[in-house]
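J.: Structure for this input, please:
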Amino acid sequence: MNNSPTIKKTKDGSTTLYSAQFEQHYHNPNGAVLESRHVFFETPAVPAALSKKKELNVFEVGFGTGLNLILLLDYLEKTKSHTKITFHSVEAFPVDIETAGRFDFGENLQALQPFKILSEIFGNLQPGMNQLTITDQVQLKLFVGFFDAHPVTSTQAEDTSPFDFIFHDAFSPEVNADLWTPEVFRHLAKVSRPDAVLSTYCAATSARAAMAVAGWKVARAQGALGKREMTVASLDPENLNDFKRVNEKRLVERFEKGDFG
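T.: A predicted model of the protein is given here:
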């Protein structure tokens, strides 16, 4: 059986991948680009940070097609930002360069030459940490391997600044439960700034409970493209004033009772 992901066109014209291994799409079939803009940029207010911060550190769980990196370059250009960014990501199952060469993120992103950027990335990946200069402003640190082996999130030491934003873009808890545990969210909390914002498309109560157990403050936000909700979290509750908070205490109690298996 061939478990290689296959390219699928989404309703906004951009492509995503379908994983036979996990039996899920990498992005919302209603629109890969539109979903990622909403979940990882507009909702956590990344554009506003680009207008204020001289430096930003981003950690992404699941590099996938590289779409969030391309969108970050797009937001830098649109906001005329001079922010220096280190974009950390981890990917256990990177695609091959041939597959990456067939991605289509739509006409609005063509000026960024995503094919050229992604070909350089996927064509030169090695197991472990890969460091690439994407532009004068953007450094990519892409770890090929599993999350718990990443130098930032494991017991290994790495000289890095705390993260301002966490893009939690793993496959869902139903098929990839290992990336939605309190241990994972504790690791992310340890390497984040006190005012860091974590965003994810996922609205599962079990995932929110794991975040709460790990010390994150958690809120509901409007979902993207037909999804009722997504999740935003922060170590600083002030960052969640524009959203509807969940009852973290109750979620922790339910987690400790074993309500989530």
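J.: for stretch 116-131, what is the average pLDDT?
T.: Here stretch 116-131 scores 94 as its mean pLDDT.
J.: Just the endpoints, please. Distance across that stretch?
T.: Between the opening and closing residues of stretch 116-131 we find a distance of 17 Å, counting by C-alpha to C-alpha, to the nearest Å.
J.: And it, what's buried?
T.: Judged by neighbour count (16 or more other C-beta atoms under 10 Å), stretch 116-131 contains these buried residues: 117-119, 121-122, 125, 129-130. No exception for glycine: its C-beta is placed from N, CA and C like everyone else's.
J.: cool, stretch 6-17 as well?
T.: Taking 16+ other C-beta under 10 Å as the basis for neighbour counts, the residues of stretch 6-17 that come out buried are 7, 10, 12, 14-17.
J.: Span of it from start to end?
T.: Across its full length, stretch 6-17 reaches 5 Å end to end, with C-alpha to C-alpha as the criterion.
J.: one step back: let's see which of the buried residues of stretch 116-131 end up in helices.
T.: For these, the ones inside helices are 117-119, 121-122, with DSSP state H as the criterion.
J.: if we can go back for a sec, distance to residue 250 and secondary structure added to the buried residues of stretch 6-17, as a markdown table?
T.: Converted to a markdown table, the buried residues of stretch 6-17 look like this (distance: C-beta to C-beta, whole Å; DSSP: H, G, I helix; E, B strand; the rest coil):
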| residue | distance to residue 250 | secondary structure |
| --- | --- | --- |
| 7 | 42 | strand |
| 10 | 36 | coil |
| 12 | 37 | coil |
| 14 | 38 | coil |
| 15 | 40 | strand |
| 16 | 35 | strand |
| 17 | 37 | strand |
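J.: could these be laid out in a markdown table, adding pLDDT?
T.: What follows is the buried residues of stretch 6-17, written out as a markdown table (pLDDT from 0 to 100):
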| residue | pLDDT |
| --- | --- |
| 7 | 93 |
| 10 | 93 |
| 12 | 91 |
| 14 | 92 |
| 15 | 93 |
| 16 | 92 |
| 17 | 93 |
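J.: Assess the claim that residue 123 and residue 95 are in contact.
T.: No: with contact defined as C-beta atoms under 8 Å, residue 123 and residue 95 do not form a contacting pair (11.0 Å).
J.: I figured residue 129 hits residue 152, correct?
T.: No: between residue 129 and residue 152 there is no contact, the gap being 9.7 Å when judged by C-beta under 8 Å.
J.: How about the most centrally placed residue in the chain: what's its closest non-neighbour residue?
T.: Geometric centre of the chain, nearest residue: residue 167, 2.7 Å, by C-alpha atoms, centre = their mean. Distances taken as C-beta to C-beta, 6 or more residues apart in numbering place residue 60 nearest to residue 167, at 4.2 Å, with adjacent residues excluded.
J.: Can you classify the one you found by secondary structure?
T.: Residue 60 falls in the strand class when you classify it by DSSP: H, G, I helix; E, B strand; the rest coil.
J.: Now do it: how many residues are near it, please.
T.: The burial count assigned to residue 60 is 24, neighbours taken as other C-beta atoms under 10 Å.
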